[in-house]
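> what follows is a protein structure lacking sequence information:
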């Protein structure tokens, strides 16, 4: 339920969200100008309020910190004529998304301007539908890593004047220094500037705080390219040997069957490879990695950043104790049990926490864990798979097959109706339950 409904029963629009460009009032239509003039309160950043100042007859309200507190003030004004000023398109990485979580669309008018991405594509002649659009504004630069593939075009909105140099440095560090790197600053305004560089030769100084980096990716010989299929090379991960090997990992992710907006628990995560590749499958996917060893837990965090999924949650602790209360925060749609599954109570806790309709996959390389999986299969059903892999390796002056330890995999799907009667869609997918 949105707060806007609680604050006012009216379905008439009382809030107008106006998208502003760097050209200020000159880029606004009459409807937007009239809304600003008639508003009792006008919210926005200091720059937005300055651009609109000649039209504002009500109270100017700069965004306060923390931002959620400012949103509370907007919601509390329900029923009064209120304007929120936003950059460009308010619903493309903008404040409109935040407001729509609290206020019903029927209570809002939205008057967008071209987004920074649209302006950049227009300047460069790029087909926007074929471009990766990323907002790195207030977000980790690591988010760009999964998109660094030869020939990819990326438009990345940065946080400030230091952003382009930081992005260029990241690309050089990962082997993409030859990439074409165009910086578009203050588009649409009198300070607009477009400059062409390479990531490796980037030397722009005094960059405007409002900027977009337009990147045409060129991969060097040793570039760190993250493939799109599951089962990334083991040596891409930092690990101490406790890692689900790539072939088994690919089969495990296939069995987990990621679906949009789902949460995964990776229990006994080791290097975090399953959780990381789960999140790489789609930007909407989320995961929690549970790991008892402090060094490995820290390593998971480093791997997550290196793979461009810095939002991976890491819980340091032993299962099943560390699972207590976790489902209240992150109800899992899928669970992988990699390490520690033979410990008393771990499988029971995982089965109980799993959302109805969810999937659980567990791998065993020890006889103790295999016994647990055989018992679980006998009790609950599901499927058992034996995975045997051999790799070619030197045998004297010749080559022979060296078998890896066999893996027993149990895969199981929870009934859509568990003993509470909750169905598989009983709470919002992709958000903490």
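Yes, it's here. Given the structure is predicted, the values throughout are model-derived calculations rather than measurements.

> only C-alpha atoms from now on, for both contacts and neighbour counts.
Fine.

> so where is the chain shaky, pLDDT-wise?
Residues of the chain meeting the criterion pLDDT under 70: 1-10, 418-433.

> go again with 50.
1, 4-8, 419-433 (pLDDT under 50).

> what segments of it are helices?
3-7, 30-38, 46-52, 67-76, 95-100, 116-124, 163-173, 246-256, 273-280, 294-306, 326-329, 346-353, 367-380 (DSSP state H).

> now those as a markdown table including distance to residue 110 and mean neighbour count?
Shown next, in a markdown table, are those (distance: least, CA to CA, whole Å; neighbours: other CA atoms under 10 Å):
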| stretch | distance to residue 110 | mean neighbour count |
| --- | --- | --- |
| helix 3-7 | 16 | 17 |
| helix 30-38 | 9 | 17 |
| helix 46-52 | 16 | 17 |
| helix 67-76 | 15 | 15 |
| helix 95-100 | 8 | 18 |
| helix 116-124 | 17 | 18 |
| helix 163-173 | 29 | 20 |
| helix 246-256 | 40 | 18 |
| helix 273-280 | 32 | 27 |
| helix 294-306 | 36 | 19 |
| helix 326-329 | 33 | 14 |
| helix 346-353 | 41 | 18 |
| helix 367-380 | 52 | 15 |
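
> turn those helices into JSON lines, columns for distance to residue 213.
Formatted as JSON lines, the helices of the chain follow (distance: least, CA to CA, whole Å):
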{"stretch": "helix 3-7", "distance to residue 213": "37"}
{"stretch": "helix 30-38", "distance to residue 213": "29"}
{"stretch": "helix 46-52", "distance to residue 213": "21"}
{"stretch": "helix 67-76", "distance to residue 213": "26"}
{"stretch": "helix 95-100", "distance to residue 213": "21"}
{"stretch": "helix 116-124", "distance to residue 213": "9"}
{"stretch": "helix 163-173", "distance to residue 213": "6"}
{"stretch": "helix 246-256", "distance to residue 213": "34"}
{"stretch": "helix 273-280", "distance to residue 213": "23"}
{"stretch": "helix 294-306", "distance to residue 213": "20"}
{"stretch": "helix 326-329", "distance to residue 213": "36"}
{"stretch": "helix 346-353", "distance to residue 213": "43"}
{"stretch": "helix 367-380", "distance to residue 213": "50"}
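
> for residue 23, find the nearest of these.
Closest to residue 23 of these, according to CA to CA: helix 46-52, at 8.4 Å.

> how far does stretch 368-385 sit from the chain's center?
How far stretch 368-385 lies from its chain's middle: 34 Å, per CA atoms, centre = their mean, to the nearest Å.

> ok, back up a step: closest to residue 395 out of the helices of the chain?
Residue 395 lies closest to helix 246-256 among the helices of the chain, at 22.8 Å (CA to CA).

> other SSEs contacting the closest one?
helix 273-280, strand 334-337, strand 359-364 (3 or more CA pairs under 8 Å, 6 or more residues apart in numbering; DSSP states H and E).

> the residue nearest to residue 369 when sequence neighbours are not counted: what's it in contact with?
The spatially closest residue to residue 369, leaving aside those adjacent along the chain, is residue 342, at 4.9 Å (CA to CA, 6 or more residues apart in numbering). Residue 342 makes contact with 368-369, 372, according to CA atoms under 8 Å, 6 or more residues apart in numbering.
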